[in-house]
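# What follows is a predicted structure for the sequence shown.
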Amino acid sequence: MEFSIKPLVPGRNAGGCSVVGIYAGKAMSDAATALDRTSKGYLKRVLQRGDMEGRIGTTLLLHDVPGIASARVLLVGLGAQAEFGEKQFRRCVTAAVGALANTGAADAEIHLAELAVGRRDIEWKVMQAACAARTTIYRFEQMKSKPEKAAPALSKAVLSVKTQGDIKRAARGLARGLALAHGVNFARDLGNLPGNVCTPTYLADEARKLAKHYRLKIQVLERADMKKLGMNTLLSVAAGSSEPPKLIVIEYSAGPKSRKPVVLVGKGVTFDTGGISIKPAPEMDEMKFDMSGAGSVLGTIKAIAEMKLPVNMVGIIPATENMPGGRATKPGDIVTSMSGQTVEILNTDAEGRLILCDALTYAERYQPAAVIDIATLTGACVIALGHVVSGLFANNDPLAREVLAAGEVAGDRAWHLPLHDEYQEQLHSNFADFANIGGRPAGAVTAACFLSRFTKKYHWAHLDVAGTAWKSGKEKGSTGRPVPLLTQFLINRADKKR
Ligand code: BES
Ligand code: MN
Ligand code: ZN
């Protein structure tokens with residue numbers, strides 16, 4: 001679908017559909033009022049009949065509205081005007097595009113970015129609208145022998161703005177919104193692919209393609225390289241698998257040379273059986289999503305590269321399967337991490353932290369301005385926070401605030417959880433420096449505590465996305481989170497430091 005920005009007067013332009021908002025209580029937005037006037041009160045009469053109450057997310061499609069040049073008018077419910085905020089804004093765009101995709105309209109003019117959304121400016125509104133539109137029409141059909149539904153007729157969308165003066169900033173919002181959506185959808189594709197396709201080798205190949213396309217520096221470390229570096233905790237997870245592990249390192253350097261990079265480290269377990277501490281069968285298929293952290297790093301790189309964002313960042317992805325097998329790591333095994341610290345592996349299902357810790361040590365060589373790791377790390381985080389917000393941990397409060405703020409702007413929120421010293425005691429081991437699990441209480445916290453022992457040399461934040469990276473049940477599938485948060489974090493750094 002192609003997008004453009006224009007200051008359009010509603011109702012004047014021939015086309016497939018005009019989309020306007022209706023607040024709860026049948027109160028018309030400015031664009032709806034304009035359509036109503038041109039159609040001599042037609043909209044008002046429709047509303048009076050009670051077919052559109054203005055409830056958020058509802059839509060009503062009208063045809064051949066008198067005096068209106070476009071073939072259709074789509075009314076979109078906005079909810080109460082007093083409550084109309086960021087969430088409602090994204091929701092009404094999603095509802096509108098979803099409804100449009102079910103019509104025969106090939107093009108549409110959408111009058112939603114004209115709505116007032118708190119203090120958000122036109123750039124934010126267009127960026128969010130463009131991203132919401134692109135991610136709404138996303139389908140994952142690569143693995144179907146033939147497409148289930150015909151592709152929507154909709155191929156062109158004009159996001160209408162109020163004035164000529166809005167166009168420049170709206171255009172930047174559009175470019176950024178589409179780039180973000182492409183990053184989100186890329187992460188979703190990688191997450192949705194099954195474990196027999198999306199292997200560590202596949203992730204490395206996708207990373208190479210990405211690097212080639214955007215001319216980025218890439219390096220893929222193989223098992224032998226990891227051995228040389230002493231990455232034994234990473235290797236201990238790969239031990240039970242026939243798929244070779246990979247450590248993918250991509251450098252995106254469009255910022256000033258003197259500026260230290262932000263390093264993103266993504267958990268890339270392409271399938272997590274639990275290893276010898278094997279998981280129960282129900283829902284085990286969802287462990288194909290256990291590389292979502294890795295997917296979000298690649299998705300974020302795609303987004304910022306398409307934006308040509310002037311920042312320096314490095315993506316580090318430890319990728320492996322976690323399988324049982326004759327050579328698999330056993331509970332009680334002790335390994336020496338790249339940092340030199342020894343770890344007693346009491347549960348082979350706590351493998352994410354084992355691959356991340358060596359990657360986090362590897363990150364030191366970049367003298368990072370900040371390191372953020374992203375991981376579907378613990379079921380405990382899902383119990384604590386559900387599927388609404390990601391768990392955030394950090395060894396530096398300003399960095400934590402920066403990550404939270406980015407999540408707010410992006411509508412991809414996180415929640416700050418504690419990392420107090422007292423929790424560290426739960427990792428005590430009688431045999432090694434510490435264990436890889438901390439018992440049932442505060443499982444998301446002790447997982448973060450484990451990582452914190454490898455991140456002393458820089459400012460670090462950890463996002464546990466176990467509850468947010470994918471959906472279960474009927475809508476099972478990757479969400480692409482937290483690509484919006486991470487991209488916004490980098491945008492904020494790029495915008496601020498110039
Ligand atoms: N990939 C899982 C975490 C997970 C579980 C994400 C369920 C989403 C849904 C991780 O590798 C894992 O198995 N964690 C264990 C840790 C435990 C053994 C300390 C868990 O959460 O049960
Ligand atoms: Mn596991
Ligand atoms: Zn896992």
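Thanks, I have it. Numbers count the residues shown, from 1 in each chain. Ligands and ions are numbered 1, 2, ... in the order given.
# When you work out contacts or count neighbours from here on, use the C-alpha atoms and nothing else.
Fine.
# Can you classify whichever residue of the stretch 51-200 of the chain sits closest to ligand 1 as helix, strand or coil?
Of all residues in the stretch 51-200 of the chain, residue 191 sits closest to ligand 1, at 12.8 Å by C-alpha to the nearest ligand atom. Using DSSP: H, G, I helix; E, B strand; the rest coil, the structure places residue 191 in helix.
# And it, how far from ligand 2?
According to C-alpha to the ion, to the nearest Å, residue 191 and ligand 2 sit 16 Å apart.
# Next: residue 10.
53 Å.
# follow-up on the earlier one: since we're on the residue of the stretch 51-200 of the chain closest to ligand 1, how many residues are nearby?
Residue 191 has 29 neighbouring residues, counting by other C-alpha atoms under 10 Å.
# which stretches of the stretch 51-200 of the chain form helices?
Here the stretch 51-200 of the chain has its helices, by DSSP state H, counting those that start in this stretch, at 86-101, 122-136, 167-192, 200-214.
# Columns distance to residue 16 on top of the ones you listed, output as a markdown table?
What follows is those, written out as a markdown table (distance: least, C-alpha to C-alpha, whole Å):
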| stretch | distance to residue 16 |
| --- | --- |
| helix 86-101 | 10 |
| helix 122-136 | 17 |
| helix 167-192 | 21 |
| helix 200-214 | 35 |
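# Quick one: these as TSV, columns for mean pLDDT too.
TSV is the format used below for the helices of the stretch 51-200 of the chain (pLDDT from 0 to 100):
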stretch	mean pLDDT
helix 86-101	97
helix 122-136	97
helix 167-192	98
helix 200-214	99
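# What strand or helix carries the one residue in the stretch 101-250 of the chain that gets nearest to ligand 1?
In the stretch 101-250 of the chain, the residue that lies nearest ligand 1 is residue 237 (10.7 Å; C-alpha to the nearest ligand atom). Secondary structure assignment for residue 237, by DSSP states H and E: helix 232-238.
# Please apply the same query to residue 344.
Residue-wise, residue 344 maps onto strand 342-345 under DSSP H and E.
# Could you check the following helix or strand past that strand against ligand 1 for contacts?
Under the assignment DSSP H and E, the closest C-terminal helix or strand after strand 342-345 is helix 352-362. Yes. Residues of helix 352-362 contacting ligand 1 under C-alpha under 6 Å from any ligand atom: residue 352.
# quick one: contacts of helix 352-362?
Under the criterion C-alpha atoms under 8 Å, 6 or more residues apart in numbering, residues 231-235, 237, 265-267, 269, 316-319, 337-339, 373, 375-377, 436, 447, 450-451, 454-455 lie in contact with helix 352-362.
# then it to PDB, C-alphas only?
Extracted in PDB, the C-alpha atoms of helix 352-362 (Å, rounded to 0.1, in the frame of the first residue of the first chain):
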ATOM      1  CA  GLY A 352      18.200 -17.400  27.800                       C
ATOM      2  CA  ARG A 353      20.400 -15.900  30.500                       C
ATOM      3  CA  LEU A 354      23.200 -18.400  29.600                       C
ATOM      4  CA  ILE A 355      23.400 -17.200  26.000                       C
ATOM      5  CA  LEU A 356      22.900 -13.500  26.900                       C
ATOM      6  CA  CYS A 357      25.600 -13.400  29.500                       C
ATOM      7  CA  ASP A 358      28.400 -14.200  27.000                       C
ATOM      8  CA  ALA A 359      26.900 -11.800  24.500                       C
ATOM      9  CA  LEU A 360      26.800  -9.100  27.200                       C
ATOM     10  CA  THR A 361      30.400  -9.700  28.000                       C
ATOM     11  CA  TYR A 362      31.200  -9.500  24.200                       C
END
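# chain center to that helix, what's the gap?
The chain centre lies 21 Å from the centre of helix 352-362; the measure is C-alpha atoms, centre = their mean, to the nearest Å.
# residues in this protein within reach of ligand 1, list them.
274, 290, 347, 349-352, 376-380, 437, 466.
# which of these are buried?
By neighbour count, with 16 or more other C-alpha atoms under 10 Å, the residues of the chain next to ligand 1 hold 274, 290, 347, 349-352, 376-378, 380, 437, 466 as buried.
# of those residues, closest to residue 57?
residue 466 (27.5 Å; C-alpha to C-alpha).
# Just give the closest residue to whichever residue of the chain sits closest to ligand 2, not the sequence neighbours.
Nearest residue of the chain to ligand 2: residue 349, at 3.6 Å (C-alpha to the ion). The spatial neighbour of residue 349 that comes closest, neighbours along the chain excluded (C-alpha to C-alpha, 6 or more residues apart in numbering), is residue 274 at 4.0 Å.
# which residues sit in contact with the one you found?
Here residue 274 is in contact with 322, 323, 324, 348, 349, 350, 351 (C-alpha under 8 Å, 6+ apart).
# how about those, which pair is most distant?
Top of the distance list for the contacts of residue 274 (C-alpha to C-alpha): 324 and 350, 13.4 Å.
# rewinding a little: from the chain's centre, how far out does the strand holding residue 344 sit?
With C-alpha atoms, centre = their mean, you get 32 Å for strand 342-345.
# Ok, stretch 326-340 next?
Distance, centroid of stretch 326-340 to centroid of chain: 32 Å (C-alpha atoms, centre = their mean).
# What of stretch 317-332?
Counting by C-alpha atoms, centre = their mean, stretch 317-332 comes out at 27 Å from the chain centroid.
# And it, what's buried?
317, 318, 319, 320, 321, 322, 323, 324, 328, 329, 330.
# among those, which two are most distant?
Checking the buried residues of stretch 317-332 with C-alpha to C-alpha, the most distant pair is 317 and 330, at 24.2 Å.
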